[in-house]
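In: what's the 3D shape of this:
(2 chains)
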Amino acid sequence: MDRKTFINSLKSELKKALGRKELEEAIMYYDNLFDEAGQDNEAELLSNLGSPREEAEKIVGKDVMNKVESRHYFTGGIRRLSYSARTNKGWKGVVQWLIWGLMMAFCLYLVYRICLMQYLVQWKIIGAIQPPFLFFANWSYFLIYAKSIFNALVITLIARHGGYIAAGIFTKPEKSRMKARKPHVSTIILIAVVALFAALAFHEFRSQEIPDWMVDPEKITAGMPDLSIRNEHEAGTKVRELSRWLLSVPYYYIERWNLPRVSGFMEKHGDPYLFIDPYAETFGWPGLNRETYASFAATHNLTCAQAHEVIHWARGTGTYTKIGTRIGMAAIARLTWGHLYIF
Amino acid sequence: MSISLNSELLEACILSIIAEEPAYGYALTMRMREAVQLSESTLYPVLRRLLQTGCLETFDEQHQGRNRRFYRITETGRKALGSYREEWLSFRNLVNSIMKTKEAR
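Out: All right, here's what the predicted structure looks like:
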């Protein structure tokens, strides 16, 4: 570390806790120290001084520094990593910048998938929503919300703790400071919750019996129920079969084969209801005006009246705005006319 | 020397040095190093506290084409130094009596 890097780093540390005037005052003191020591004694002076962080702690107090840093709870790790990458010259710095870039990209991607994508779908800018880490496809709706919390925890874990860890890779003082730091209660809770979720996901995955035909995508049709039906009575049975089958498919295959994510199945007044995951794809779902009926009907080779009937029926399921993929839609559509099959 | 000074004693020493004539940070460190081992940056928190309590004030002077920040004592600082000196005398006597050094006998 040279004088310029030391002063810049000290400035960025002190900036967190001091006002402009006090900051200038402190920086001037250190600048004066370097001036008085002269260029020949710069290295000696640097070795006498602590790290910029330690010096900042000396000036404003360790508690104050920790307190102000906790204001940047979520971005603290990323900030620390970028600081470390700046101070590490050569390939070490480059590696840390690369890790920083990957972490930033991943976090931004998650933020996009969780927060932004929903609105993009709502505003019809894009047509699908598939949140990541959906381990719990076959559980209740509660888990859809639990998954969002899990995702938020993952972001925190990566942005804060990942950043601190990556920052400590090549920087000894940082590393020792990290070691010296007691684990924050929130960190322990965070790790415990993430571990619990991971264990639940693992348990769910392990406890599912995966038939042989499911492992080989080419054999999928062998395990799928025969959905061609001849009358209304058979339609109900077939929907039950289809529901059971869809509910038994592990999430991995649902994603891989682009199946509708069925979150529930029930019977009401003797009618079968198939609940499609509200986060399932919304491609091609017609709106409720005449033009979109016509377009939907044309796409599926139906009359407008039939298209209306499909939508009307689907509305009754409570999932009409978020109905699933083509398979789910087709299943519901065909059920209406007593012909249920997948296409 | 294995005996170190606490922050109040450092404040008293700094005030005492500056009371004689204004001084800049590096010079203060060198002067203090005659008595105790301290790093170049140890005094800044002390100076900062003295500035905040109004015991010191700063002024800049040009030196070889750059700014050198000097610290000078204020009236408040002189009063504080006076009370520090009194406290030091009684403290020193107490310690001497415990340590049974020559001065205390």
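In: going forward, measure contacts between C-alpha atoms and count neighbours the same way
Out: OK.
In: which positions in chain B make contact with chain A?
Out: B:25-26, B:39-42, B:44-45, B:67-69 (C-alpha under 8 Å from any C-alpha of the partner chain).
In: tabulate those residues (JSON lines), appending pLDDT and neighbour count.
Out: Output for the residues of chain B next to chain A, formatted as JSON lines (pLDDT from 0 to 100; neighbours: other C-alpha atoms under 10 Å in any protein chain shown):
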{"residue": "B:G25", "pLDDT": "88", "neighbour count": "22"}
{"residue": "B:Y26", "pLDDT": "88", "neighbour count": "24"}
{"residue": "B:S39", "pLDDT": "83", "neighbour count": "15"}
{"residue": "B:E40", "pLDDT": "84", "neighbour count": "22"}
{"residue": "B:S41", "pLDDT": "84", "neighbour count": "21"}
{"residue": "B:T42", "pLDDT": "86", "neighbour count": "16"}
{"residue": "B:Y44", "pLDDT": "90", "neighbour count": "20"}
{"residue": "B:P45", "pLDDT": "89", "neighbour count": "20"}
{"residue": "B:N67", "pLDDT": "84", "neighbour count": "15"}
{"residue": "B:R68", "pLDDT": "88", "neighbour count": "23"}
{"residue": "B:R69", "pLDDT": "89", "neighbour count": "20"}
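In: inside helices: which ones of those?
Out: Residues of these located in helices (DSSP state H): B:25-26, B:44-45.
In: between the residues you listed, which sits nearest chain A?
Out: Chain A has its nearest neighbour among those in B:P45, at 4.9 Å by C-alpha to the nearest C-alpha.
In: how about that closest one, nearest residue that isn't a chain neighbour?
Out: Using C-alpha to C-alpha, 6 or more residues apart in numbering or on different chains and skipping residues adjacent in sequence, the residue nearest B:P45 is A:I59, 4.9 Å away.
In: measure the one you found to A:A195 for me?
Out: 39 Å (C-alpha to C-alpha, to the nearest Å).
In: the two - which one has more neighbours?
Out: Using other C-alpha atoms under 10 Å in any protein chain shown as the criterion, A:I59 and A:A195 rank with A:I59 on top: 23 against 12.
In: roughly how far apart are that one and B:R78?
Out: 24 Å.
In: again, but for A:F34
Out: Noted for A:F34: a distance of 30 Å to B:R78, by C-alpha to C-alpha.
In: what about the residue in chain A that chain B sits nearest to, helix or strand, and which?
Out: Residue of chain A nearest chain B, by C-alpha to the nearest C-alpha: A:I59 (4.9 Å). If you go by DSSP states H and E, A:I59 is part of helix A:52-60.
In: what packs against that helix?
Out: Packing partners of helix A:52-60 (3 or more C-alpha pairs under 8 Å, 6 or more residues apart in numbering or on different chains; DSSP states H and E): helix A:3-14, helix A:62-70, helix B:43-52.
In: dump those to a markdown table, plus distance to B:E86.
Out: Listed next are the helices and strands packed on helix A:52-60 as a markdown table, based on distance: least, C-alpha to C-alpha, whole Å:
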| stretch | distance to B:E86 |
| --- | --- |
| helix A:3-14 | 36 |
| helix A:62-70 | 32 |
| helix B:43-52 | 19 |
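In: rank those helices by pLDDT, which is bottom?
Out: When the helices and strands packed on helix A:52-60 are compared by mean pLDDT, helix A:62-70 comes last with a mean of 68.
In: between A:F34 and B:R78, which one's more packed in?
Out: A:F34 (20 against 17).
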